[in-house]
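In: Pasting the sequence and the predicted model now:
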Amino acid sequence: MGKGRPLSPPVAEARAIPIGAIEVVGEERCRTHIGEFDRVLGGGVVPGAVMLIGGDPGIGKTTLLLQALPKLATADAPVLYVSGEESPRQIKMRSQRLGIDHPGLLILAETSLEGILKIVQEVRPAALVVDSIQTVYTEQVTSAPGSVSQVQEVAGQLMWFAKRTGVPVFIIGHVTKEGAIAGPRLLEHIVDTVLYFEGDRSHSYRVLRAVKNRFGSTNEIGVFEMKDTGLEAVSNPSELFLAERPPRSAGSVVVCSLEGSRPILVEVQALVSETGYAMPKRVANGVDLNRVAMLLAVMEKRLGVRLSGQDVYVNVVGGLRIDEPATDLGIVAAVMSSLRDIPIESHWLVVGEVGLGGEVRAVSQAELRIREAAKMGFKRCLLPERNLAKLDLIEGMDMELIGSADIREGLDVVLASAMFGDQHHRTHET
């Protein structure tokens, strides 16, 4: 144990026990009453948990924690916000804009870990925020603040403090140009939860994504909208992402991405135009560029379309990033729609994974996706034939399900529907 660190109580000698003899005690969570934040955390804040939050500068990390912290304060225990980058006056100005004036929210401007822990012992907070860990140093390490050894030692001592006292600790971390949390990778292994705050500052929405969570799922995301009064949780992200969709636009199609237990409808746009260069451009925003290149190769091979002389741009509207293969068929449909300059009807939902042979493969949770689309008023859904065969009758929805075994068949359906308003493929009325 490092010099100057308080001695911990004696630890009983470890022994191996059968897994069946281990008692499981449910963790009692403290809710922040910010629904999207609690969802990502797995239901609330676990006592003694250490949570690392990263994101681009100005994305809203401080705003989110300032809004959540007062909800964790109790009559006997305040919450402590430690800032190593902003003065208390700057934080006060921000809290006034957010309408936060809670007597249990304490602000401390300090960068010495020993000084922070001394104040913590005095006030005994219900929760602690350190903003940011790159500015905090400990006297036990001689290197400069923000160095690898300083960040490791500070994080280790904060973890030790949280586990010993049961006080949840939120750590804000800087990010690199690539978007990863700056500092050693060991930092992510030390903490219990790693959250990334994503979004484009030119858009009003923000996405909170868990990439590690020892107390919940790592697939859940939280969606927020940035307003003048702070971050507001978005309970229906599909409505937000489709709000400005044009009615009839070539190269536009709606897909459904499953984020944890939540289906989200998003618009995928494609623009195909003749290139003026020897090497055509391939640009993808919000989807993996290598995945797009593979789908374009499948289209050239299986459909006989010539894309080698075309620039292809693919964009997920709103800046959301989706990595699920279930959006493959939607990307292919958007590219073909732009290439042929045929708008796809706005009431279509396209779902399906595309294989190298041009086949359309089944996706998970098809019924959940269909229900979300029906709730948003969609009338037709193109989905893998295998999913259609497994779906039982879904009651209470006026939606037509159309199965497709390969991309040629699927494109014939959506493009023929756009041109002629009718199709004769296998359907399933619900």
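Out: Yep, that arrived. Residues are numbered from 1 along each chain as shown.

In: What residues of stretch 191-203 count as buried?
Out: Using 16 or more other C-beta atoms under 10 Å as the test for burial, stretch 191-203 gives Val191, Asp192, Thr193, Val194, Leu195, Tyr196, Phe197, Glu198, Gly199. Every C-beta, even on glycine, is put in place using the N, C-alpha and C of the backbone.

In: Repeat that for stretch 113-129.
Out: Neighbour counts over stretch 113-129 (16+ other C-beta under 10 Å) mark Leu113, Ile116, Leu117, Val120, Pro125, Ala126, Ala127, Leu128, Val129 as buried.

In: Equivalent analysis for stretch 241-255, please.
Out: Result for stretch 241-255 [16+ other C-beta under 10 Å]: buried residues Phe241, Leu242, Ala250, Gly251, Ser252, Val253, Val254, Val255.

In: So what touches it?
Out: Outside stretch 241-255, the residues that touch it by C-beta atoms under 8 Å, 6 or more residues apart in numbering are 264-272, 317-318, 320, 322, 326-327, 329-331, 333-335, 337-338, 340-346, 348-351, 373, 376, 378, 414.

In: Just the CA coordinates for it, please, in CSV.
Out: What follows is stretch 241-255, C-alpha atoms only, in CSV (Å, rounded to 0.1, in the frame of the first residue of the first chain):
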residue,chain,number,x,y,z
PHE,A,241,-34.1,11.1,-35.9
LEU,A,242,-37.0,11.1,-38.5
ALA,A,243,-38.3,14.6,-37.8
GLU,A,244,-36.8,16.3,-40.8
ARG,A,245,-37.0,13.5,-43.4
PRO,A,246,-38.0,14.7,-46.8
PRO,A,247,-41.2,13.0,-48.2
ARG,A,248,-39.9,11.8,-51.6
SER,A,249,-36.1,11.9,-51.9
ALA,A,250,-34.0,9.5,-54.0
GLY,A,251,-31.3,7.7,-51.9
SER,A,252,-33.3,8.0,-48.7
VAL,A,253,-34.5,4.9,-46.8
VAL,A,254,-35.4,4.2,-43.2
VAL,A,255,-33.7,1.3,-41.3
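
In: Please flag which of the buried residues of stretch 241-255 sit within strands.
Out: Mapping the buried residues of stretch 241-255 onto strands (DSSP state E) picks out Ser252, Val253, Val254, Val255.

In: I'd like these laid out as CSV, including distance to Gly156.
Out: Shown next, in CSV, are those (distance: C-beta to C-beta, whole Å):
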residue, distance to Gly156
Ser252, 50
Val253, 49
Val254, 47
Val255, 43
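
In: farthest-separated two in those?
Out: Every pair in these was compared (C-beta to C-beta); the two farthest apart turn out to be Ser252 and Val255, at 10.8 Å.

In: Name the residues of whichever strand or helix holds Ala284 that come out as buried.
Out: Secondary structure assignment for Ala284, by DSSP states H and E: strand 282-285. Using 16+ other C-beta under 10 Å as the test for burial, strand 282-285 gives Arg282, Ala284.

In: Name the residues that touch it?
Out: Leu289, Arg291, Val292, Ala293, Leu296, Asp311, Val312, Tyr313, Val314, Asn315, Val316, Gly319.

In: Which parts of the stretch 51-200 of the chain are helices?
Out: Ranges of helices in the stretch 51-200 of the chain, per DSSP state H, counting those that start in this stretch, are 61-72, 88-98, 113-123, 148-165, 186-190.

In: so which of the ones you listed gets nearest Ile19?
Out: With C-beta to C-beta, the closest approach to Ile19 among the helices of the stretch 51-200 of the chain belongs to helix 148-165: 22.2 Å.

In: Quick one: mean pLDDT for that closest one?
Out: For helix 148-165, mean pLDDT is 93.

In: Could you pull out the buried residues of it?
Out: Buried positions in helix 148-165, judged by neighbour count with 16+ other C-beta under 10 Å: 150-163, 165.

In: repeat for stretch 359-370
Out: Buried residues in stretch 359-370 (16+ other C-beta under 10 Å): Glu359, Val360, Arg361, Ala362, Val363, Ala366, Arg369, Ile370.

In: Switch those residues over to TSV; also include distance to Gly99, pLDDT and secondary structure.
Out: What follows is those, written out as TSV (distance: C-beta to C-beta, whole Å; pLDDT from 0 to 100; DSSP: H, G, I helix; E, B strand; the rest coil):
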residue	distance to Gly99	pLDDT	secondary structure
Glu359	54	96	strand
Val360	50	96	strand
Arg361	49	96	strand
Ala362	48	94	coil
Val363	43	94	coil
Ala366	43	91	helix
Arg369	38	93	helix
Ile370	40	92	helix
